[in-house]
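Engineer: Quick one, fold the following:
(one chain, ligands or ions: 1)
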Amino acid sequence: MLFKQQALLRQKLFVLGSLAIGSVLYLVARVGTLDRLQPICPIENNRLPLPEPEQIPLRTLQFKRGLLHELRKGNATKEQIRLHHLVQQLPRAIIIGVRKGGTRALLEMLNLHPAVVKASQEIHFFDNDQNYARGIDWYREKMPFSFPHQITIEKSPAYFITEEVPERIFKMNSSIKLLIIVREPTTRAVSDYTQVLEGKERKNKTYHKFEKLAIDSNTCEVNTKYKAVRTSIYTKHLERWLKYFPVEQFHIVDGDRLISDPLPELQLVERFLNLPSRISQYNLYFNATRGFFCLRFNIVFNKCLAGSKGRIHPEVDPSVVTKLQKFFHPFNQKFYQITGRTFSWPRGASDSSTEIP
Ligand code: A3P
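Structural biologist: Numbers count the residues shown, from 1 in each chain. Next comes the predicted model:
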């Protein structure tokens, strides 16, 4: 009899214990998601009178979080959108490039911030004439729903190198914030090549070696007609942008450091966007299998970037690497000078005759 009672008691204690642990885990998981909903106003004059987070009942916040998720899937009703003041806002910051600089990683990592909402797809509004002809309302409709205090960010790396884009963006918003993420130019060019190579291989096509494309076989000099080389001449592209926007409207992100130590780079971006510092080391963890930092939104939800980010580059002849580094060196110097951000990118050789004074 006594034994039976003890067993019953143990059973009850077990059930109660499980319930308690479950509740604690649930609440911890919620902390991360709730944090994303705190009304932070990153850019002055756009603050709407949203209630303070403490005043919003827990259930409402949980519902809103779910609502944003439904909206992303296109499942929310018009009534819900109206009720919660959700809007599709034009971006107040754009990651304009550079292709293979780490644009996707930057966008995804900024999206960890509770005041940031990302446009998931590359919209190619400003660089594609057909899209541009559809007008600004088409562009706005491509944006995700967000709470009014949040800022929307999109990324389309082709913007950086496309002639017409600076003027078009200026016409939309002359005070927009522009983010450019760069990597050491030769590495970026090889990464660019690797992406194209993979595309060709997928279609069972053959492709030239990087060396053949990057070096003009007639002159043995760097082939400046090769797109992967041209894109890495950052200063040339930036100079076109500077005809429309002052340098203060740009922020340069170190794409190499975003790979090895992302948090300090993200904190610099938060400051540039006038956002309170919210992304923390908790949100970023190194995944040894992937060889990259991955994202942690909360205890239950984390993700790494797709496998197409972080490809293995082909070996490149060291003499070609040196030649490219030497070629890029004067352009890099100019880029440092203009932007005020210096990188220790290799100069390729001790010969200083190619330097721009
Ligand atoms: P590689 O594939 O050459 O390694 P983009 O998004 O502009 O196309 O840039 C792709 C690059 O982002 C990748 O180039 C990769 O090195 C870099 N990257 C930076 N942070 C990353 C991360 N956390 N996970 C995966 N790739 C990352």
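Engineer: C-alpha from now on. contacts and neighbour counts both.
Structural biologist: Noted.
Engineer: how near is Arg202 to Leu213?
Structural biologist: Per Cα to Cα, to the nearest Å, Arg202 is found 20 Å from Leu213.
Engineer: So for those two, which residue has more residues nearby?
Structural biologist: Leu213 (19 against 10; other Cα atoms under 10 Å).
Engineer: Distance of the residue lying closest to the more buried one once chain neighbours are set aside relative to Ala189?
Structural biologist: Distances taken as Cα to Cα, 6 or more residues apart in numbering place Tyr226 nearest to Leu213, at 6.5 Å, with adjacent residues excluded. Using Cα to Cα, we find Tyr226 at a distance of 10 Å from Ala189.
Engineer: May I have the residues that are in contact with Thr194?
Structural biologist: Arg311, His313, Pro314 (Cα atoms under 8 Å, 6 or more residues apart in numbering).
Engineer: near the ligand, which of those show up?
Structural biologist: Arg311 (Cα under 6 Å from any ligand atom).
Engineer: Which secondary structure element is home to Ala228?
Structural biologist: Take DSSP states H and E as the rule and Ala228 turns out to sit in helix 227-231.
Engineer: what comes into contact with that helix?
Structural biologist: In contact with helix 227-231 (Cα under 8 Å, 6+ apart) are residues Val98, Ile161, Thr186, Arg188, Ala189, Val190, Asp192, Tyr193, Ala214, Asn223, Thr224, His237.
Engineer: hmm, 6 Å instead?
Structural biologist: For helix 227-231, contacts defined as Cα atoms under 6 Å, 6 or more residues apart in numbering pick out Ala189.
Engineer: can you tell me the average pLDDT over it?
Structural biologist: Averaged over helix 227-231, pLDDT sits at 98.
Engineer: burial measure for Arg10, as a count.
Structural biologist: Neighbours of Arg10 (other Cα under 10 Å): 12.
Engineer: Could you check which helix or strand contains it?
Structural biologist: helix 2-35.
Engineer: Can you report the mean pLDDT over the residues of that helix?
Structural biologist: Rounded mean pLDDT across helix 2-35 is 54.
Engineer: Do you have the helices of this structure handy? List them.
Structural biologist: Taking DSSP state H to define them, one finds helices in the chain at 2-35, 58-72, 78-83, 103-110, 129-133, 136-141, 165-172, 185-202, 210-214, 227-231, 234-241, 255-260, 262-272, 318-339.
Engineer: Nearest residue to His251 in space, please, no chain neighbours.
Structural biologist: Here the residue nearest His251, using Cα to Cα, 6+ apart, is Leu179, at 5.0 Å.
Engineer: how about the one you found, what does it touch?
Structural biologist: Ile95, Phe250, His251.
Engineer: Serialize the contacts of Thr194 to a markdown table and add fields for neighbour count and pLDDT.
Structural biologist: Formatted as a markdown table, the contacts of Thr194 follow (neighbours: other Cα atoms under 10 Å; pLDDT from 0 to 100):
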| residue | neighbour count | pLDDT |
| --- | --- | --- |
| Arg311 | 11 | 96 |
| His313 | 13 | 97 |
| Pro314 | 13 | 97 |
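Engineer: For the stretch 101-250 of the chain, what lies in contact range of the ligand?
Structural biologist: Gly101, Gly102, Thr103, Arg104, Ala105, Ser191.
Engineer: how near is the residue in the stretch 201-350 of the chain positioned nearest to the ligand to Gln325?
Structural biologist: Residue of the stretch 201-350 of the chain nearest the ligand, by Cα to the nearest ligand atom: Gly310 (3.2 Å). To Gln325, Gly310 is 22 Å away according to Cα to Cα.
Engineer: Over to Arg341?
Structural biologist: Taking Cα to Cα as the criterion, Arg341 is separated from Gln325 by 18 Å.
Engineer: out of those two, which sits in the more crowded spot?
Structural biologist: Remark: of Arg341 and Gln325, Gln325 carries more neighbours, 21 against 12, as counted by other Cα under 10 Å.
Engineer: residue contacts, that one?
Structural biologist: Arg347, Gly348 are the contacts of Gln325 under Cα under 6 Å, 6+ apart.
Engineer: Quick check, pLDDT for Lys243.
Structural biologist: So Lys243 comes in at 98 (pLDDT).
Engineer: can you check Arg99 too?
Structural biologist: pLDDT recorded at Arg99 is 98.
Engineer: Without its sequence neighbours, what residue ends up closest to it?
Structural biologist: Pro157 (4.9 Å).
Engineer: The one you found - how many residues pack around it?
Structural biologist: Residues lying near Pro157 (other Cα under 10 Å) number 24.
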